[in-house]
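[1] Have a look; sequence and predicted model below, questions after that.
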2 protein chains.
Amino acid sequence: MRNFEFYNPTRIVFGTETVAKLADLVPGNARVLILYGGASAKTNGTLDEVKAALGERVVLEFAGIEPNPSFETMMQAVELVRREKLDFLLAVGGGSVIDGTKFVAAAVEFEGDAWEIMQKRGRNVKRALPFGSVLTLPATGSEMNSGGVIMRKSTHEKFSFMSRFVFPQFSILDPTKTYTLPKTQIANGIADAFVHVIEQYLTFPVQALPQDRFAEGLLQSLIEIAPQAISMEQDYDTRANLMWVATLALNGLIGAGVPQDWASHMIGHEITALYGIDHARTLAIVLPSLLNVQREHKRAKLLQYAERVWHISEGTEEQRIDQAILRTREFFEGLGIQTRLSGYQLGEDAIDAILLQLEAHGMTTLGEQQNITLEVSRVILQGAL
Amino acid sequence: MRNFEFYNPTRIVFGTETVAKLADLVPGNARVLILYGGASAKTNGTLDEVKAALGERVVLEFAGIEPNPSFETMMQAVELVRREKLDFLLAVGGGSVIDGTKFVAAAVEFEGDAWEIMQKRGRNVKRALPFGSVLTLPATGSEMNSGGVIMRKSTHEKFSFMSRFVFPQFSILDPTKTYTLPKTQIANGIADAFVHVIEQYLTFPVQALPQDRFAEGLLQSLIEIAPQAISMEQDYDTRANLMWVATLALNGLIGAGVPQDWASHMIGHEITALYGIDHARTLAIVLPSLLNVQREHKRAKLLQYAERVWHISEGTEEQRIDQAILRTREFFEGLGIQTRLSGYQLGEDAIDAILLQLEAHGMTTLGEQQNITLEVSRVILQGAL
């Protein structure tokens, strides 16, 4: 096991009827900005519930945060917070809204051009406004970590940032809030959480037993609940498990003390930035091909994954690895997610464009061994055609 | 899954050469009391390392905390802290030292008779001194939770308390610090962590998938490392896994959103208070018999435990349950821990005495369904003769 630090002070308030607890969780004298995405927060009643719980506090709203939150949009929120001297942010939505809120929390207190936060990946953040979240879409884990991803529309750049100052103070996770989500968002959430686990698990062994077992447990849980989750029945336990698994998939726990990959995410971010394809879908495109291309470097963990997660014990090592990658691809396809670039009308031209973006952003050595060069990325993308 | 809150702000600093980080973790102007147990902290050099890392800070020491920390001893530390106006506590040791330090942190700030903290189980704690820990003995999980157990020698009472004010600010976990531990302490640590997991897992199903998988993963990890751990070789990865598993076994995570038992602990505490038997050994006495007596109430989870943890799939349900309980008992015995009262020269007389203590402390309905009455406790103890 590698040396690590683990620190996660976010309070999770999980279950039914928990939105009302905002009354105690948000300081009584706070001047609050509620940030959210589209009309769904309004139409499904969550926004009204939130405002009722906040009672007599000064409350303003900022709507219109995009599925991939943009620097341009979030800077409007920064202006609003400064102008109205607001001092507490409350994200109501999924990972995009929470990521955007994290950026606003840091940017409000940042001196200079706030895009530098993204350019320095958050290392230059020295403080941030306090904030909490009401999660309505299980997927990214942003509700219990200190990272975010922001896209700059004008330059087609999509970067992640991290800072210990942008842990949510609390996150309210009410699984019933997912009942009104469309099937594509549930499917995306499952795929996103699945790949988050894989990125921290499917590397090389370092004798980190509980981390491996936890990662495998999260993958097994996702596989177990996926059919019922996308059946769109309002099944509480299924949605509760999806919500808690997605949070645990990226709260720092399973990644503590182990190598991490993240190449699928880096390549995927460029696909989203260029072509607007949903984040989770870009991961489903890249990951199966990446596992195939990196099979030598990931051999021991691929065999462990095959055996413990998919219960594949027959055949040669190559056959078991092939089978595990196939099952991974079929898992995404079973969610209704295409796993090839051609499924999104993209071909060889796109590969050239994606590689140019990777190069422009310095993504020339990716993966847990930093051996995914641009040439390897090309082979991965060609395998995903 | 049940509604829950999860909050754990303790910073874990894990790995080799981490004691030196005290220099940054403890406030520069702190007046520090180092609390520890016996001579081992001195002879193995940890205390010197700690003091070197604390540099020029004012540092006093308090030695002599017992394996079951007593109210009487810890009140001497409270006096010292008050007299010398110390403002930061640093526990150097295992669960007993950390539990004792938690009590001191709360008692220093408590108005009135500090034993009331234990009588009210910590509900009356309103603030506490800040403190951290340097863990040298993996077992109790106290390094990353907000609970502690204190014994009053004069009355043979052993109570637990919890308060959100007594989370350690940080805990340093250096697995090499366990190299000098005697085999009995390693064995006790494994057994203690194992039963902590069981108490939060082996109840009845509530469709909490990741909690179950995490619990099973911790049990599997303990089973996997146990032989090497008690072989007393200085194997870093074995000790690292033991240390991190024992912490994860009782940091609130696997117990969030699920029913919990704790009857083995409550009965075990009385055995320790009366006869001074090591805490972990009392658990190994009570648990196998308790599982047998409670088999109807725990049937579904016992079968899941048999299958997933011990890979028992042959035979009738009763046979599989018998087999799982037998494997549990054999696991403890394999650590060199006796699992019957007779192994500690205790018989029927002891059962009467233990039951009187349970009654005196209001422990008349125990377990996840509160159906372990004194009569059931008697049957459990008779099964443990």
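    Received the coordinates, thanks.
[2] burial of A:Trp115, as a residue count?
    Residues contacting A:Trp115 under the criterion other CB atoms under 10 Å in any protein chain shown number 17. C-betas here are computed from N, CA, C, even on glycine.
[3] wouldn't it be in contact with A:Lys153 here?
    No. Here A:Trp115 lies out of contact with A:Lys153, judged by CB atoms under 8 Å, at a distance of 12.0 Å.
[4] Now list whatever residues contact both of the two.
    Residues within reach of A:Trp115 and of A:Lys153 at once, by CB atoms under 8 Å, 6 or more residues apart in numbering or on different chains, are A:Phe71.
[5] A:Arg57 is in contact with A:Lys51, correct?
    No. Judged on CB under 8 Å, A:Lys51 makes no contact with A:Arg57 at a distance of 9.3 Å.
[6] between those two, what contacts are shared?
    By CB under 8 Å, 6+ apart, no residue touches both A:Lys51 and A:Arg57.
[7] Show me how far the top strand by length along chain A is from its chain's centre.
    Longest strand of chain A, by residue count under DSSP state E: strand A:4-14. Distance, stretch centre to chain centre, for strand A:4-14: 16 Å (CA atoms, centre = their mean, to the nearest Å).
[8] buried ones in the next helix or strand after it?
    Per DSSP states H and E, strand A:4-14 leads on to helix A:22-25 as the next helix or strand towards the C-terminus. Going by neighbour count (16 or more other CB atoms under 10 Å in any protein chain shown), the buried part of helix A:22-25 is A:Leu22, A:Leu25.
[9] Check whether helix A:22-25 comes near chain B.
    No. Using CB under 8 Å from any CB of the partner chain, helix A:22-25 never reaches chain B; the gap is at least 10.3 Å.
[10] Centre of the chain to that helix, how far?
    Taking mean C-alpha positions (CA atoms, centre = their mean), helix A:22-25 and its chain are 26 Å apart.
[11] Give me the residues contacting it.
    A:Arg11, A:Val13, A:Val50, A:Ala53, A:Leu54, A:Gly55, A:Leu90, A:Gly132, A:Val134, A:Gln169, A:Phe170, A:Ile172.
[12] make it 7 Å
    The contact list for helix A:22-25, computed with CB atoms under 7 Å, 6 or more residues apart in numbering or on different chains, reads A:Val50, A:Ala53, A:Leu54, A:Gly55, A:Gly132, A:Phe170, A:Ile172.
[13] confidence score at the closest residue to the second one other than its chain neighbours?
    So the one you mean is A:Ala53. With CB to CB, 6 or more residues apart in numbering or on different chains as the criterion, A:Ala53 has its nearest non-adjacent residue at 3.9 Å, and that residue is A:Leu22. Note on A:Leu22: pLDDT of 98.
[14] same thing with the one 10 residues further on?
    Looking at A:Val32, its pLDDT is 98.
[15] Could you measure from the residue in the stretch 251-385 of chain A that chain B sits nearest to over to A:Gly189?
    Of all residues in the stretch 251-385 of chain A, A:Gly257 sits closest to chain B, at 6.5 Å by CB to the nearest CB. Separation of A:Gly257 from A:Gly189 (CB to CB, to the nearest Å): 27 Å.
[16] same check, this time on A:Gln76
    27 Å.
[17] Between these two, point out the one with more neighbours.
    Shown here are A:Gln76 and A:Gly189; by other CB under 10 Å, A:Gly189 has more neighbours (26 against 13).
[18] thought the more buried one was touching A:Gly141?
    No. Here A:Gly189 does not reach A:Gly141: they are 10.3 Å apart, not a contact under CB atoms under 7 Å.
[19] Mutual contacts of these two, please.
    Counting by CB under 7 Å, 6+ apart, the residues touching both A:Gly189 and A:Gly141 are A:Ala246.
[20] got the contact list for the residue lying closest to A:Arg329 once chain neighbours are set aside?
    Closest residue to A:Arg329 apart from its sequence neighbours, by CB to CB, 6+ apart: A:Pro288 at 4.3 Å. Applying CB under 7 Å, 6+ apart, we find A:Pro288 in contact with A:Ile325, A:Thr328, A:Arg329, A:Thr339.
[21] which SS class is A:Arg121?
    coil (DSSP: H, G, I helix; E, B strand; the rest coil).
[22] For it, which non-adjacent residue is closest in space?
    Nearest non-adjacent residue to A:Arg121 (CB to CB, 6+ apart): A:Phe161, at 5.0 Å.
[23] The top helix by length along chain A packs against which elements?
    As assigned by DSSP state H, the longest helix anywhere in chain A is helix A:209-230. Applying 3 or more CB pairs under 7 Å, 6 or more residues apart in numbering or on different chains; DSSP states H and E, we find helix A:209-230 packed against helix A:183-201, helix A:236-248, helix B:209-230, helix B:236-248.
[24] can you state the direction angle for it and strand A:4-14?
    On the basis of axes from the mean of the first three to the mean of the last three CA atoms, to 10 degrees, helix A:209-230 is oriented at 30 degrees to strand A:4-14.
[25] Pull out the buried residues from helix A:209-230.
    In helix A:209-230, counting by 16+ other CB under 10 Å, buried: A:209-223, A:225-226, A:229-230.
[26] what's the answer for stretch A:27-38, then?
    Buried-residue list, stretch A:27-38, by 16+ other CB under 10 Å: A:Ala30, A:Val32, A:Leu33, A:Ile34, A:Leu35, A:Tyr36, A:Gly37.
[27] what do you get for stretch A:81-98?
    Residues A:81, A:86-98 are the ones in stretch A:81-98 that count as buried (16+ other CB under 10 Å).
[28] just those residues now: which is nearest B:Gly334?
    A:Gly95 (45.9 Å; CB to CB).
[29] which residue sits closest to that closest one, ignoring its sequence neighbours?
    Nearest to A:Gly95 is A:Thr140, by CB to CB, 6+ apart, at 2.7 Å.
[30] Same check on A:Leu287?
    A:Ser264 (4.7 Å).
[31] A:Gly334 too?
    Closest to A:Gly334 by CB to CB, 6+ apart is A:Ala226, at 7.0 Å.
[32] Other residues contacting the helix or strand A:Lys42 falls within?
    Following DSSP H and E, the helix or strand that holds A:Lys42 is helix A:40-43. Where contact means CB under 7 Å, 6+ apart, the residues beyond helix A:40-43 that reach it are A:Leu47, A:Val92, A:Gly93, A:Thr136, A:Thr180.
[33] quick check: mean pLDDT across the next helix or strand after it?
    Counting by DSSP H and E, the next helix or strand C-terminal to helix A:40-43 is helix A:46-54. Taken as a whole, helix A:46-54 has a mean pLDDT of 97.
[34] again with stretch A:231-250
    Mean predicted lDDT for stretch A:231-250 stands at 96.
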